[in-house]
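> Quick check, what structure comes out for this input:
(chains A and B)
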Amino acid sequence: MSASHIHVSGQTLRAAGQRLATVLATLFGLLVLTFFIGRVMPLDPVLAIVGPDADHSTYQQVFIRLGLDRPLYVQFAYYVRDLLHGDLGNALLTGHAVVDDIRRVMPATIELATIAIIVGTGVGVPLGVYAATRHGRMADQVVRLISLFGYSVPVFWFGMMGLLVFYSWLGWAGGSGRIDLAYDGLIDSRTGFLVLDALLAGDWEVLASALSHIWLPACILGLHSMAYISRMTRSFMLGQLKQEYIITARVKGLPERTIIWRHAFRNILVQLLTIVALAYGSLLEGAVLIETVYSWPGFGSYLTSSLLLGDMNAVMGCVLLIGIIFVTLNLVADALYRVFDPRTR
Amino acid sequence: MRFAKLLSACAVAAALAAVPLAPAQAATPADQLIIGMSMNNLLSLDPAAATGNDVVEIDANLYDALVELDPKNPSKVLPALAESWAVSDDNKTLTFKVRKGVKFQSGNPLTADDAAWSLQRVLKLNMALASAWKSYGFTAQNVDKLIRATDPTTLVIEFPQPTDPKMVVYSLATSVSANVLDRKKVMENEKNGDLGNAWLTTHAAGSGPFVLNDWRAKDALIATRFDGYWRGAPKLRRVIWRHMTESQALRLMIGRGDIDIAAGMSVPDVEAMKRDANVKIESVQRGTLYYVAVSMKDPRFANKSVRLALRNLIDYKGINDTVMPNYGVLHQRPISLGLPATLPEPGYKLDVDAAKKLLAAAGYPNGFKTTIRVLSDPPFINIATSLQATLAKAGIEASVISGTGNQIYGAMRDRSFEIVVGRGGGGAEPHPHSSLRALIYNPDNSDAAKLTNFQGWRTSFYSPKLNELIDGALIEKNEVKQKEMYQEIQRVYDSEVGAIQPVSQMVDTVVIRKDIRNYAGHPSATTHLRDVFKQR
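Coordinates of the predicted model:
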């Protein structure tokens, strides 16, 4: 028993070590690619700092200060050295450390993405299941049409239409930004999640303002995710409903609800988890267009601006974080596979 | 069944999220001003390192300058921190009497020494805005000697080379770099000899009417009233600049009254707002010019006939009538509109037949292929599209390369372009030299000179005659004669067919809620908000 336990632990450790090595290699590869692609892009961070009318001596001074006069591999070596000390450098865009910037913008995106994925999953999964059980009928066609619409219409257009209808005409939404500016700065930022901070502070006016601002962009993003999730759910369910065990269950006279939810749906959960995890990852990576339309100071907007400035410290930091998010979500999805599918244990 | 319950819970959560939980705010608070605008170019608040117009307006309200220009009559210089000033008889020295009793926001007293140190710092840091001061001959080495405080209320500026003192006074009034900094406060935050540059990137140390409260890049900048302001506390309690890039979102928000001022809206949105009774549209003419520039390093454009042909292939009227409303007004001279020396418009117009003849005479009867580099934003891209079409009429096949300002002006600074549709040319100071220095002046045309701040050098346009005239006009003491010289420069530029052809002079249009009072957009972008209030 003891020897076997040690043997299993050894195997587990080896597997964990291999997994860790793969993750680190992936992240390093990502850094190398981003660094060198970033350096060949026709964007000049020096010009962003000094402006188009600066003279040559000013340009050269900043060029040297940024270390751009060194060979690329030396610049990369310095970057990796600093990274290993937890220093991602300073961002040109803000003058702050990239780590601090990411810490500031990320909660805004996580808050938005989390509500969006709840909306997307909460609506998309039941719709997909419903469409699969009504395969070929009118309800199925309607769900397919809705998901096609949600998936193919640009999220930017939805964003503008949402603002026009729910903010401008009906006055139900709070418009651009995370909060009405009159409430800005009224509560301490303890977590960076405005809704949570307002709850913790017990300030209901700030909470109401924050919710009035977040629900619309979150629902629009959620609609986009919903379209994808419902299509995939429908497809997975159709696959399961054709299986012999479902026919057997029906022959045995089990209630339809039990057949769908306890048997068929349980078997698609593993695939569904991967889909939802990846959709959530994409939302965290940054919903640039929605963040632009709603002036949402989030991660996507930060990454895009940094990229356009050629601010490679910020871009590298963001890319690294995206890599970590996707690696983590994959690991979580793998772990959940083990929970929901005994065959993988 | 557990899953069904879980899903039901998710669906309920989703439905709840979709329910509007609070009505949107109907109007901004009466004592706060909210300005929606793009802050994409706002990278540093340090007056010595500021680039772009966004920061000019913000710093103008966090800091004070020695002198200001009247927004209604920009050539009129008004006292600010300096009560008075005098020019020596030989035009070599400016002496300012600095106001007594002024305090910085920190509580430190403001003296002439702070003013001198602020200007010295610009040269020593050698950041974005140093080039204007370097063009007057100041250097990091001579500035301590030439710009100095002789006592707590006297600032002396000696010119290292002959110049027009008016031009220097205008620079002091319009350049953010001339704002007076709280030396003590800044030096408390100095790191590694940076004269406080890193700290001032995100902080402020001025005596202006508003105190920087919070700046979250690409989100919002919040400033609160400085109660101890020497002119008296401003009427507004807070000013908030909110980063908004989407024109239609700006339109919806100002339409509903959730912002008070919207800047940088697209022309169709501005036009649509003209029908809204709750807002007014205000346009301010700036000195900056929209232009078509060619590189004379390219042998085709070094040929005067080809440049003349190009001048005939711009649809000035079409561009200004259809593309430029709210962006600019027709102007074809290298000196800004509205200055006494500016000659009447030369009347250039689209003349394809004349252009074809000129091209044939230059050896290009069938035209040629070229590229137009242009910013991907309106109105630049629209001007380039118009130019592409009119060039095609004379057989010139131009492909458009669009990009960011960084990419387009970067190529121009590297002298690696053929045609650029751009905007520039100084013009902040209401003096002909401001535009001429930026657009035409080029004292050394060699690549090695790397005079990247002169657009004359970037386009490889080199005219010793014009250089001499520009130098001479600047130091001419007789105003009548000086005006004649500037008019002569325009005529010579016309006959030499310069590499930069102005098309339109910039107009900045903002949409303002009707209840805003005393807002006066400034031609130099130094719009002061200290007297602004809301009447409801």
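
> neighbours of the nearest residue in space to A:Tyr245 that is not next to it in sequence, just the number please.
Nearest residue to A:Tyr245, sequence neighbours excluded (CB to CB, 6 or more residues apart in numbering or on different chains): A:His263, at 6.8 Å. For the C-beta atoms, the positions are set from N, CA and C on the backbone; glycine is no exception. Residues near A:His263, counting by other CB atoms under 10 Å in any protein chain shown, number 17.

> distance of A:His263 from B:Lys304?
85 Å (CB to CB, to the nearest Å).

> dump the residue contacts of the residue positioned nearest the centre of chain A.
In chain A, the residue lying closest to the centroid (CA atoms, centre = their mean) is A:Leu284, at 1.8 Å. Shown in contact with A:Leu284 (CB atoms under 8 Å, 6 or more residues apart in numbering or on different chains): A:109-110, A:113, A:299, A:322, A:325.

> would it count as being in a helix?
Yes - judged by DSSP: H, G, I helix; E, B strand; the rest coil, A:Leu284 forms part of a helix.

> Is B:Leu45 in a helix, a strand, or coil?
B:Leu45 - assigned by three-state DSSP - is coil.

> residue contacts, B:Thr153?
B:Thr153 is in contact with B:97-100, B:111-112, counting by CB under 8 Å, 6+ apart.

> pLDDT value on it, please?
You'll see B:Thr153 listed with a pLDDT of 97.

> How about the backbone phi and psi for it?
B:Thr153 adopts backbone torsions of phi -120, psi 10, taken as degrees, to the nearest 10.

> Number of residues surrounding residue 273?
Picking chain A for this. Neighbour tally, A:Leu273, other CB under 10 Å: 20.

> wrong one, I was asking about chain B
Neighbour tally, B:Met273, other CB under 10 Å: 21.

> Paired strands for the helix or strand harbouring B:Ile512, with orientation please.
For B:Ile512, the element it lies in under DSSP states H and E is strand B:500-513. Neighbouring strands of strand B:500-513 in its sheet, by DSSP bridges, are strand B:261-263 (antiparallel), strand B:279-294 (antiparallel), strand B:328-330 (antiparallel).

> Format those as CSV; extra columns: mean neighbour count and mean pLDDT.
Converted to CSV, the strands paired with strand B:500-513 look like this (neighbours: other CB atoms under 10 Å in any protein chain shown; pLDDT from 0 to 100):
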stretch, mean neighbour count, mean pLDDT
strand B:261-263, 25, 95
strand B:279-294, 22, 94
strand B:328-330, 19, 96
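
> What I need now is the ones you listed written out in JSON lines, including distance to A:Ala314 for each item.
Formatted as JSON lines, these follow (distance: least, CB to CB, whole Å):
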{"stretch": "strand B:261-263", "distance to A:Ala314": "26"}
{"stretch": "strand B:279-294", "distance to A:Ala314": "29"}
{"stretch": "strand B:328-330", "distance to A:Ala314": "34"}
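
> residue ranges for the helices of the stretch 201-350 of chain B, please.
Secondary structure of the stretch 201-350 of chain B by DSSP state H, counting those that start in this stretch: the helices cover B:247-256, B:267-273, B:299-302, B:304-311, B:316-318.

> Let me know which of these is the nearest to chain A.
Nearest to chain A among these is helix B:247-256; the distance by CB to the nearest CB comes to 4.5 Å.

> How about the closest one and chain A, touching?
Yes - counting by CB under 8 Å from any CB of the partner chain, contacts between helix B:247-256 and chain A involve B:248-249, B:252-253, B:255-256.

> May I have the phi/psi pair for B:Ile401?
Torsion angles, degrees, to the nearest 10, at B:Ile401: phi -110, psi 110.
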